[in-house]
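Asker: how would this look folded up:
(one chain, ligands or ions: 2)
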Amino acid sequence: MLRWLTAGESHGEALTAVLEGVPAGVEVTTEHLQRALARRRLGYGRGARMSFEADRVTLVGGVRHGVTMGSPVAIRIDNTEWPKWEKVMSADPVTPEELLVDAGKGDAREVARNRPLTRPRPGHADLAGMQKYGLDEARPVLERASARETAARVALGEVARQLLAATGIRLGSHVVALGGEHVPAEALGREVWSALTTEAGRSRLDADPVRCADAASSERMVAAVDAAKREGDTLGGVVEVVVAGLPSGLGSHVHGDRRLDAQLAGALMSIQAIKGVELGDGFDLADTPGSRAHDEMVWEDGHVRRVSDRSGGVEGGMSTGELLRVRAAMKPISTVPRALRTVDTATGEAATAHHQRSDVCAVPAAAVVAEAEVALVLARALLEKFGGDHVDDTVAALEHYRQRVAATGGGA
Ligand SMILES: Cc1cc2nc3c(=O)[nH]c(=O)nc-3n(C[C@H](O)[C@H](O)[C@H](O)COP(=O)(O)O)c2cc1C
Ligand SMILES: C=C(O[C@@H]1CC(C(=O)O)=C[C@@H](OP(=O)(O)O)[C@H]1O)C(=O)O
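Answerer: Numbers count the residues shown, from 1 in each chain. Ligands and ions are numbered 1, 2, ... in the order given. Predicted coordinates:
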């Protein structure tokens, strides 16, 4: 079974990620990981940190000479910020005096960095985390709640993506709404979605400031970010992940936790600030009569073909073999420059939430993170169905399955 874990704090020395259950024979290099991490740093509206965070990545286990060995893949991503945070985030004890001395000697920013965070931000993990873990300030909470951790997820997702690529499965992601600016339905469709999963399509999207497939919508989104920035506000949006080349039958109808849609929803909801998930036409289907809500089947060249893509490629908790399409809605960043009302937990007095710096909008980055989560879930489902200690075994089992399905035209 494929399983994964991440560890590490936002301003700690490094993030660590482990992926266990990867077959041998999958091509993975430091350069693959670097490229994936660079895509996550892109996106108009990100804050100061993304301009200098370098994501220095090291493969510390499971890979030899650019190929996985079947052992756990371990990845370390060093934080560029570490030298500034060595005292505040020290693993070993630091006396209050040391911190105060540091703060006293430092500039205003350094003083602010060392100060206890007792003005929790509405919308972030600060207050519930302080209460749950018995803390008198939010630092230990926000360090792990922070979406810095998504760098580790993207590195893991890249290994999963390489495994999927070896079996002919391709992924892409894009932004379909940002700050209330939506890509019109007419600008999307099967051809656009398929193109997103090709190398050329992925590069085109990486070059767009908001990772949007429609140039006119992209311009409106950029303008929305500029306006929010001017007004000291933040924005959310909707991202979509598209997958091509999947076989039918990943996941299962037989039990709730084996449903592929349930696993995808859980994985996407696990991303910081994601508050809604839909498969295919999702919420719109609730308003559509059944006669126009499903993907009708026709017989063509000896196999079943779907005439539309409304389901998002999952029926009965299983992949249908058509394009998989899943969306995730991201709420606006909660560290709002025009600070929100809160309470200082040290005094009980009314205050404004703490704010040092923040992203205005991280929707384009969230698309890349969503792609990584989908890659991990699909890689796990693929290995569950086809197994394989070497990726060639996985490919052979998949090929056998495809031939069986083709021989029967998709039926029994
Ligand atoms: C890529 C990415 C970047 C983010 N950047 C910020 C940020 O700069 N400031 C902030 O307050 N929240 C940011 N968030 C959102 C918070 O991490 C998130 O709101 C917080 O962990 C609380 O979790 P919740 O929103 O799921 O309840 C970001 C999220 C993602 C996915
Ligand atoms: C560091 C990343 O995102 C961070 C996510 C984040 C948050 O609260 O989620 C807050 C910001 O961090 P800081 O407070 O250090 O400026 C973002 O920069 C990253 O994506 O690599």
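
Asker: Which residues of the chain lie near ligand 1?
Answerer: 47, 124-125, 145-147, 150, 271-273, 331, 333-335, 358-359, 362, 365-366, 369 (CB under 6 Å from any ligand atom). (Glycine included, C-beta is placed from N, CA and C.)

Asker: Weed out the non-buried ones from these.
Answerer: 47, 124-125, 145, 147, 150, 271-273, 333-335, 358-359, 362, 365-366, 369 (16 or more other CB atoms under 10 Å).

Asker: filter those by proximity to ligand 2?
Answerer: By CB under 6 Å from any ligand atom, the members of those lying near ligand 2 are 47, 147, 150, 272, 358, 359.

Asker: Nearest to residue 134 among those?
Answerer: Of all those, residue 134 sits closest to residue 272, with 22.7 Å by CB to CB.

Asker: just how off-centre is stretch 86-94 within its chain?
Answerer: 29 Å (CA atoms, centre = their mean, to the nearest Å).

Asker: Same question for stretch 339-359.
Answerer: Averaging C-alpha positions (CA atoms, centre = their mean) puts stretch 339-359 28 Å from its chain's average.

Asker: what's residue 313 in contact with, if anything?
Answerer: 243, 246, 279, 280, 319, 320, 321, 322, 323, 324, 325 (CB atoms under 8 Å, 6 or more residues apart in numbering).

Asker: Torsion angles phi and psi at residue 14?
Answerer: Backbone torsions for residue 14, taken as degrees, to the nearest 10, come to phi -160, psi 160.

Asker: Can you give me the neighbour number for it?
Answerer: Neighbours of residue 14 under the rule other CB atoms under 10 Å: 17.

Asker: Likewise for residue 200?
Answerer: Count around residue 200 with other CB under 10 Å applied: 9.

Asker: now it: how far from residue 162?
Answerer: Going from residue 200 to residue 162 by CB to CB, to the nearest Å gives 19 Å.

Asker: Give the helix, strand or coil label for the closest residue in space to residue 81 that isn't next to it in sequence.
Answerer: Closest residue in space to residue 81, ignoring its immediate chain neighbours: residue 11 at 5.3 Å, by CB to CB, 6 or more residues apart in numbering. On the three-state scheme (DSSP: H, G, I helix; E, B strand; the rest coil), residue 11 is labelled coil.

Asker: Residue 11 and ligand 1, how far apart?
Answerer: Taking CB to the nearest ligand atom, to the nearest Å as the measure, residue 11 falls 13 Å from ligand 1.

Asker: what do you get for residue 77?
Answerer: To ligand 1, residue 77 is 14 Å away according to CB to the nearest ligand atom.

Asker: Report the beta-bridge partners for that residue.
Answerer: residue 15, residue 57 (DSSP bridges).

Asker: residues near it, how many?
Answerer: For residue 77, using other CB under 10 Å, the count is 24.

Asker: and the gap between residue 6 and ligand 2?
Answerer: Distance of residue 6 to ligand 2, computed by CB to the nearest ligand atom: 13 Å.

Asker: tell me which residues in stretch 340-351 are buried?
Answerer: 342, 345, 351.

Asker: which one of the residues you listed is nearest residue 182?
Answerer: residue 342 (31.8 Å).

Asker: Can you tell me the element the closest one falls in?
Answerer: Taking DSSP states H and E as the definition, residue 342 sits inside strand 341-343.

Asker: For this structure, what lies in contact range of ligand 2?
Answerer: Checking the chain against ligand 2 by CB under 6 Å from any ligand atom, the hits are 10, 47, 49, 53, 146-148, 150-151, 272, 357-359.

Asker: Output the below-cut-off pLDDT ranges for the stretch 51-200 of the chain.
Answerer: Low-confidence segments of the stretch 51-200 of the chain (pLDDT under 70): 100-111.

Asker: if we can go back for a sec, the residue nearest to residue 81 contacts residue 86, correct?
Answerer: No. The criterion here is CB atoms under 8 Å, and residue 11 misses it with residue 86 at 9.5 Å.

Asker: and those two? which has more neighbours close in?
Answerer: Legend: neighbour count by other CB under 10 Å for residue 11 and residue 86, higher for residue 11 (20 against 14).

Asker: Tell me how far that one lies from residue 239.
Answerer: From residue 11 over to residue 239 (counting by CB to CB), the distance is 26 Å.

Asker: For the closest residue to ligand 2 within the stretch 201-350 of the chain, what is the enclosing helix or strand?
Answerer: For the stretch 201-350 of the chain, the residue closest to ligand 2 is residue 272, as judged by CB to the nearest ligand atom, at 5.4 Å. Following DSSP H and E, there is no helix or strand that holds residue 272.

Asker: Next up, the contacts around it.
Answerer: Residue 272 neighbours (CB under 8 Å, 6+ apart): 145, 146, 147, 149, 150.
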